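Colleague: Mind folding the following:
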Amino acid sequence: MIFIDTNGNCLNEKKYIFDFLFKRINLDYQINLSEVTDITISNPSTGKKLVFDDIFFQFAGKNWLVDCLHLVSQESIDVDFLGLKLPGIGNNVPILFHGECSDKSYCEETKCKFDLFGSCFYLISRYEEVIIKNRDNHGRFSFQDSFVAKANCLSVPLVDAYTLILIGLLRHFIGVEVSEWSTHNYKVNVSCDIDIPFWAPNSVKSFVRRYLKDTLEQRSFRGGYQRFKKYIKIRENSFLDDPFAKNIEFIASENEKFNRKVDFFIIPLRTHTSFDNEENIESQRFLHILKSIKMRGHRIGVHPGYLTCSSSSNMKRSVEKFRQFHVRNFGDLREIISRQHYLRWDSYRTPELLMENGVTVDTTMGYADYIGFRPSTCSEFFLYDLKNRRSTTVLERPLNVMDATLLAPRYMGIIDLNEAIEKINELKEMCKAYNGHFNILWHNSYFEKKEYYEFYKMAIKE
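Modeller: I've put the predicted structure just below:
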């Protein structure tokens, strides 16, 4: 048991980040409210105290969701005195918020000028995504605007590194002995977004529309006749011969070799005519595929459409349609697992909307344009509702790798598949080192190159 003395500024936010950090290392705590301007941790067994500067919460208490980038540091803290060599960083760790310190000795004599708790909250709650307004053409926050990208540590779960620093400080200064992690958690989680269930649409009109869209994107009419012949052949035979349908079977079978259940996400409601697929989830052929998935023990989750991340009505209609569909065809839902289509996410609105509509697990939290650790942790955590300033009941499983992020020219565009596997393995090793989960998403429609099948088998290995 430790005691934490702090003021009432941003108390909900402080409790949230205390819960995340101290529960992960299995350390009980009690908050004592007072008029202090810092955060003081006491060990009643030794009588010793450790004082942290409170920079972020002091500012945010009076200026909630107001730009605080002027407080964000470009400095780093040397943790060599703690005997720490943090995976991916070493002993020189970038820090966000800190007090004045002339010689850059941020921790000495039981006084830590590094605002560890405010920094962790800022990163994991995605506070910066509300105060920074830049967005891509799909309205998404880019990794380039994040603190961790500017600090060149996007491939490191920085909040988890801060957790190890916290453990070291508690041991070093006030004699609190805790294990590094309360449990051993590393595992690989695999998911598939079925954005386009079938290569061959239900109608010729839909095929022509999709062909023209692809042609405009690729700026080439080559292969049009061959594609049409392929379409006719599939239509004359069985939808089970459709390559995208076969890919669903391939994904399920490969993961069953690891005794692993895959999360398959489906779009229940079309909210955008260009970006949401037109295949009805109730169509006979799609329902056949989904029933096969369920019979094999895999999970089906909701993939709220393109215009749901900040729309209360669209989110409500989408989740409710999915719930009714699932009950009608597969029985009651014990939990609703979700991922936002196109990884579109509004850090101010989406957590509230997911909780309001009964979503229990979300798996969206990854950048569309770069692999890594968007919330700076590889551990599951409950989303924070920045709008209503409360913790939610929605458990987040942050996404590390999406197929297109790694391979598509518009994003990282890695051509050498050996290099791509190295990138994936580096993230896996980081998740192992910080005792978290590695989460990978692969679309059933993203196997246009034959070599991607072997690549996929390597990517999902433990």
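Colleague: how does this structure divide into domains?
Modeller: As given by automatic domain parsing, the domain ranges for the chain are 2-174, 187-199+242-459.
Colleague: least reliable of these going by mean pLDDT?
Modeller: For the domains of the chain, mean pLDDT drops lowest on domain 2-174, to a mean of 92.
Colleague: Any idea how far that one is from the middle of the chain?
Modeller: What separates the centre of domain 2-174 from the centre of its chain is 20 Å, taken as CA atoms, centre = their mean, to the nearest Å.
Colleague: One more: stretch 277-290?
Modeller: The answer for stretch 277-290 is 27 Å, by CA atoms, centre = their mean.
Colleague: Now do residue 406 against residue 368, distance only.
Modeller: 11 Å (CB to CB, to the nearest Å). C-beta here means a position set from N, CA and C on the backbone, and glycine is covered the same way.
Colleague: now the strands for the stretch 351-462 of the chain?
Modeller: 361-362, 381-385, 390-396, 401-402, 437-441 (DSSP state E, counting those that start in this stretch).
Colleague: Verify the contact between residue 374 and residue 367 for me.
Modeller: Yes. Between residue 374 and residue 367 there is a contact under CB atoms under 8 Å: 5.2 Å.
Colleague: Identify the contacts common to those two.
Modeller: Common neighbours of residue 374 and residue 367, using CB atoms under 8 Å, 6 or more residues apart in numbering, are 143, 146.
Colleague: neighbour-wise, which of the two wins?
Modeller: residue 374 (28 against 24; other CB atoms under 10 Å).
Colleague: For residue 405, see how far away residue 379 is.
Modeller: Using CB to CB, residue 379 is found at 21 Å from residue 405.
Colleague: Same check on residue 14?
Modeller: In terms of CB to CB, residue 14 sits 34 Å off from residue 405.
Colleague: cool, residue 30 as well?
Modeller: Going from residue 30 to residue 405 by CB to CB gives 43 Å.
Colleague: who's more crowded, those two?
Modeller: The residue with more neighbours, out of residue 30 and residue 405, is residue 405; 24 against 11, by other CB under 10 Å.
Colleague: show me what contacts the closest residue to that one other than its chain neighbours?
Modeller: Nearest residue to residue 405 in three dimensions, chain neighbours excluded: residue 411, at 5.0 Å (CB to CB, 6 or more residues apart in numbering). Residues in contact with residue 411, defined by CB under 8 Å, 6+ apart, are 368-370, 404-405.
Colleague: I'd say residue 394 and residue 362 touch.
Modeller: Yes. Residue 394 is in contact with residue 362 according to CB under 8 Å; the separation is 5.4 Å.
Colleague: Can you check which residues contact both of those two?
Modeller: Shared contacts of residue 394 and residue 362, counting by CB under 8 Å, 6+ apart, come down to 354, 383.
Colleague: how near is residue 322 to residue 338?
Modeller: Per CB to CB, residue 322 is found 9 Å from residue 338.
Colleague: again, but for residue 131
Modeller: According to CB to CB, residue 131 and residue 338 sit 25 Å apart.
Colleague: More neighbours: which of those two?
Modeller: Remark: of residue 131 and residue 338, residue 338 carries more neighbours, 27 against 13, as counted by other CB under 10 Å.
Colleague: Phi and psi next, for that one.
Modeller: Here is the backbone geometry of residue 338 (degrees, to the nearest 10): phi -140, psi 150.
Colleague: Quickly list what it is bridged to.
Modeller: Beta-bridge partners recorded for residue 338 (DSSP bridges): residue 302, residue 362.
Colleague: Wait, it touches residue 355, no?
Modeller: No. The pair residue 338 / residue 355 is not scored as a contact, 10.9 Å apart, by CB under 8 Å.
Colleague: Which stretches in the stretch 301-450 of the chain count as helices?
Modeller: Under the criterion DSSP state H, counting those that start in this stretch, the stretch 301-450 of the chain contains helices at 312-330, 350-356, 403-407, 417-433.
Colleague: so of these, which one's packed in deepest?
Modeller: Of the helices of the stretch 301-450 of the chain, the one with the most neighbours on average (mean count of other CB atoms under 10 Å) is helix 350-356, at a mean of 23.
Colleague: Sweet, I'm off.
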